[in-house]
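> Please find the sequence and the predicted model below.
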Amino acid sequence: MSTPDSKPKDVHLEKEFIIQRQIAFASGLFQGDITIRTFLESLAEGVIIIDKSETILLVNTKAEQMFGYPKKDLIGKPHSVLIPERFRKVHEEHLVQFFEEPRIRPMGRLLDIAGRRQDGREFPLEISLSFIETIIGILILAFVSDITLRKQYESSLQESKKVSHALVEGVKDYAVFMLDAHGNVHSWNSGAEQLQGYQAEEIIGKHISCFYTEEDRSESKPAGELKTAAAKGKTEDEGWLVRKDGSRFWAYVMITALRDENGNLFGFSNVTRDITERKRTEEEFKSCEEKLRYASTAADIGLWHWDLVNNELTWSERCKEFFGYPPDYAMTYEAFLNAIHEEDRQCIDEAVQKALREKTGYFVEMRVVMPDGQVRWVMSKGRSFYDDQDNPVRMHGIVMDITERKLAEAEVQRLASFPLINPNPILEMDIDGKVTFYNPAAKQILDKAGHNNGDNPFIPQDISAILQDLKDKKTQQYIQEIEIEGYFFKEIIFLAPQIQTVRIYTMDITDRKRAEKEIERLKAELRKLAAELEAANREFDAFNYTAAHDLRRPLTNINGYCQVLRELCSEKLDEQCKGFLREAYDGTLQMNQLIDTLLNFSNLAHVELCREKIDISQIAQAVAKELQLADPERPVTFLIADGISVDGDPNLVRLALDNLLGIVLKYTSTREDVVIEFGVTDIDGMPIYFVRDNGSGFDVVNAKKLFITFQRLSGHEACKGFGIGLATVERIIRRHGGRIWAEGEPGKGAAFYFTLSSDNVATGA
């Protein structure tokens, strides 16, 4: 007979007995069969089985890991330990309804719910409920999925969409809009509103031809560009466009065809930018260059430009003539110094380096030794320019042959004692500055300037100061340039202290001074235009880098979402959807590769050149071996000449050969017996390196297109790539002071020839 105190204990024991019996039943039911047990443990979802009393009877390993509990600490516990307190009441009500009307149903898709781990942390989840009727009553099977990653991806996707929208809307300098397959405007961004002048409601549905001039519409240019974009994938053009108010602007336009997964055209994207100012600057720059060329020709001077960043020296043909070099000679600073007389070389180099250090110009006169041994005098004048960090980036200057002037000055010295018969203008005056004599040649100049009254011809300015300077410094010569009512003269004043006489040699330099003033004016215009162009280029480079890095983020997100969808939803997608997923994933990889390629191409201009003697034959052999390993089943014969050494940057030369040999191999894909040869030949004493093949070749009229970015030859559109490889090779060769050109004939193969610098050393066959 039980006592009153023992009744609660008996009730508790009975309840525990019932729970243990149900746990044993569930364990025997779901884990007694090895097939069912294996199935439960292989599921990606957590499985929790509870009875009507909401007691946990069984969990699989995934549920243990998800909630952080050992199995022994969960079985027999109320299921509320897995639910945050704020959700428990909702769960209890839901379970009551479920037991009244059991059916398979999901939870957490329309309403966010969360689970609670053993350490108290919460996480978002989804639950699918099922049931089974047994002899001990209805048991609930809860299939639980941790959707933390999905929630993060959904949030990131929304953020990416906002960023993409903000990116398009935030680009104010570009009109970015979509067209349907017929060329009608489908979408319109704020940049397009500012550039074209139309509001979205005014322009959507209108044809793209409304942006073109009447002349272009009459020639069906809009339809032609859409047709070209549809055929080639995209088209780029520059030309006049018309705003809503009828004003015109010079624009860059890129139209890209948009196709669905079946290749059907469903529309176009259009990117338009106003480049009127750039066009005007380029035209003014060209005009200024032309004027400067005419002025320099008239003044008989040579022009030069030194790119200090890339160490590239550019001389005009006249400039090269002064130093005895042929017009096609590739100039370097070393070649400039080598042409100078050895006695003048060091002081000239010091003057240039001082100008760079102290941000000043330099003005020097020097002797030049011509190839035939003749010595001539030249005058060189230059000035350096700096970037925002005060680093020297370039120098500009002029060169003039002053041999005749030097000879004349020497002649003046010789003829100074023969004033009457001297053909050069000569004045004599006493120590007080009173003219005592002038010869006929001097009289002609004075008459021309209108300063000869017969008794008091023109007296040099500040003659007393000049005389004092000559006496104090014990010098014999003083040179000055003067202007007399628009006429310019150069005076060389000689002091003869022993007879207290000043003898003056005068030269009419009016034409030269006017030419110099015109040159200075044109140079000032050129500097201004160059600065504007450089600023525009810096802004464009900054935009390229910003756009590239900003584009990576949505690309990375899309790439990640594609992988998640493939991992989580692969079994739920049909083959068509899987194809869409693959296309999206491959598209992000290709776009990311294009961004990397463009950035690497842009960075080539800033890579420091580190020259050393390298075996280019070994580099070519290594590249050929890698290409063969990449496609071992393709029969290709490489003929690499041994022992060719050059002076160059090993990393850049390797990159150039990677691109050049790879492109040649790609464009010989239609042949079975491919032979690719690398070697060196000698032309006019200079080593010329070559890569040639026996492939399909090309029309020589298209040779210049090969080294332009994004250009492809007709008939090779199927070849993979971005059209940057040969442009990269050309830039590397140019950085080395060399040049590259191509020769070919349809059906008879192609050959690429290049030099690296004028002082290359090449050996081998």
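Done, it's in. Numbers count the residues shown, from 1 in each chain.
> Could you point out the longest helix of the chain?
Secondary structure of the chain per DSSP state H: the longest helix is helix 510-569.
> in the stretch 251-400 of the chain, which spans are strands?
Along the stretch 251-400 of the chain, counting by DSSP state E, counting those that start in this stretch, strands occupy 265-274, 301-307, 312-315, 362-369, 375-386, 392-401.
> Of those strands, which is nearest Gln576?
Nearest to Gln576 among these is strand 265-274; the distance by CB to CB comes to 16.2 Å. (Glycine included, C-beta is placed from N, CA and C.)
> List the buried residues of the closest one.
Across strand 265-274, burial judged by 16 or more other CB atoms under 10 Å covers 267-274.
> In CSV: those, plus distance to Thr755.
Compiled in CSV, the buried residues of strand 265-274 are given as follows (distance: CB to CB, whole Å):
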residue, distance to Thr755
Gly267, 48
Phe268, 44
Ser269, 42
Asn270, 43
Val271, 39
Thr272, 41
Arg273, 37
Asp274, 41
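> The strands of the stretch 251-400 of the chain: which one's closest to Arg611?
Taking CB to CB, strand 312-315 is the member of those nearest to Arg611, at 14.0 Å.
> which outside residues touch the closest one?
Contacting residues not belonging to strand 312-315 are listed as 302-307, 325, 331-333, 335-336, 734-735, 737 [CB atoms under 8 Å, 6 or more residues apart in numbering].
> and that strand, how far out from the chain's middle?
Remark: strand 312-315 is offset 23 Å from the chain centroid, using CA atoms, centre = their mean, to the nearest Å.
> Just the CA trace of that strand, in CSV.
Once non-C-alpha atoms are left out, strand 312-315 reads as follows in CSV (Å, rounded to 0.1, in the frame of the first residue of the first chain):
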residue,chain,number,x,y,z
GLU,A,312,61.9,56.1,-74.7
LEU,A,313,63.6,58.9,-76.6
THR,A,314,61.9,60.3,-79.7
TRP,A,315,63.7,62.6,-82.1
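> Greatest separation within the buried residues of strand 265-274: which pair is it?
Maximum pairwise distance in these, criterion CB to CB, is 23.7 Å, between Gly267 and Asp274.
> Just to check, Arg248 is in contact with Trp240?
Yes. With contact defined as CB atoms under 8 Å, Arg248 reaches Trp240; the gap is 4.9 Å.
> Quickly list what's touching both of the two.
Residues touching both Arg248 and Trp240 (CB under 8 Å, 6+ apart) are Thr213.
> ok so, going back, which other helices and strands does the longest helix of the chain contact?
Packing partners of helix 510-569 (3 or more CB pairs under 8 Å, 6 or more residues apart in numbering; DSSP states H and E): helix 148-170, helix 276-299, strand 392-401, strand 487-496, helix 575-603.
> repeat that with 6 Å
On a contact count with 3 or more CB pairs under 6 Å, 6 or more residues apart in numbering; DSSP states H and E, helix 510-569 meets helix 148-170, helix 276-299, strand 487-496, helix 575-603.
> any idea of the mean pLDDT in it?
Mean pLDDT, helix 510-569: 76.
> What of stretch 611-631?
Stretch 611-631 comes out at a mean pLDDT of 90.
> number of nearby residues for Leu629?
8 (other CB atoms under 10 Å).
> Assumed it was part of a strand.
No. The assignment for Leu629, made by DSSP: H, G, I helix; E, B strand; the rest coil, is helix rather than a strand.
> now that we're looking at it, how far away is Ala622 from it?
11 Å (CB to CB, to the nearest Å).
> Also Ala408?
To Ala622, Ala408 is 62 Å away according to CB to CB.
> I'd guessed Thr228 sits against Thr235; true?
Yes. Between Thr228 and Thr235 there is a contact at 4.4 Å, judged by CB atoms under 6 Å.
> who has more neighbours, these two?
When neighbours are counted by other CB under 10 Å, Thr228 and Thr235 differ, and Thr235 comes out ahead with 19 against 16.
> and that one, which of the three is it?
Under three-state DSSP, Thr235 falls in the strand class.
> That one touches Met254, doesn't it?
No. Counting by CB under 6 Å, Met254 is not a contact partner of Thr235; they are 7.4 Å apart.
> Where do the helices of the stretch 601-750 of the chain begin and end?
With DSSP state H, counting those that start in this stretch as the criterion, the stretch 601-750 of the chain has helices at 616-630, 650-666, 725-735.
> measure stretch 318-327 end to end?
One end of stretch 318-327 sits 8 Å from the other (CA to CA, to the nearest Å).
> Residues in a beta bridge with Leu265, which ones?
Partner residues in beta bridges with Leu265, using DSSP bridges, are Arg259.
> Next up, the contacts around it.
For Leu265, the contact set (CB atoms under 6 Å, 6 or more residues apart in numbering) comprises 181, 230, 259.
> Looking at those, spot the one nearest Ile140.
Minimum distance to Ile140 across the contacts of Leu265 is 50.0 Å, recorded for Arg259 (CB to CB).
> what number of residues lie near that closest one?
Neighbours of Arg259 under the rule other CB under 10 Å: 13.
> State the mean pLDDT of stretch 747-763.
Mean predicted lDDT for stretch 747-763 stands at 71.
> Next one: Ser145 from Phe98, what distance?
Distance, Ser145 to Phe98, by CB to CB: 18 Å.
> Would you mind telling me which of the helices of the stretch 601-750 of the chain is nearest Gly397?
With CB to CB, the closest approach to Gly397 among these belongs to helix 725-735: 21.9 Å.
> bridging residues for the residue lying closest to Ser316 once chain neighbours are set aside?
Nearest residue to Ser316 in three dimensions, chain neighbours excluded: Leu303, at 4.5 Å (CB to CB, 6 or more residues apart in numbering). Going by DSSP bridges, Leu303 is paired in beta bridges with Ile398.
> count of residues packed around Leu303?
22.
> Then Arg731?
Using other CB under 10 Å, Arg731 is surrounded by 21 other residues.
> Ok, Thr360 next?
Per other CB under 10 Å, the neighbour tally for Thr360 reads 12.
> Check the burial of the nearest residue to it once chain neighbours are set aside by counting its neighbours.
Excluding its sequence neighbours, the residue lying closest to Thr360 (CB to CB, 6+ apart) is Lys354, at 7.4 Å. For Lys354, the tally of surrounding residues (other CB under 10 Å) stands at 11.
> roughly how far apart are Ala339 and Gln194?
55 Å.
> Of these two, which one has the most company?
Shown here are Ala339 and Gln194; by other CB under 10 Å, Ala339 has more neighbours (21 against 13).
> I figured that one was touching Glu321, is that so?
No. Ala339 is not in contact with Glu321 according to CB under 6 Å; the separation is 11.7 Å.
> residue ranges with poor pLDDT in the stretch 151-300 of the chain?
Applying pLDDT under 70 to the stretch 151-300 of the chain picks out residues 156-173, 282, 285-299.
> make it 50
Scanning the stretch 151-300 of the chain for pLDDT under 50 picks out 167-168, 170.
> repeat for the stretch 1-150 of the chain
Looking at the stretch 1-150 of the chain by pLDDT under 50, you get 1, 110.
> how about 70 then?
Residue ranges of the stretch 1-150 of the chain with pLDDT under 70: 1-37, 39, 105-111.
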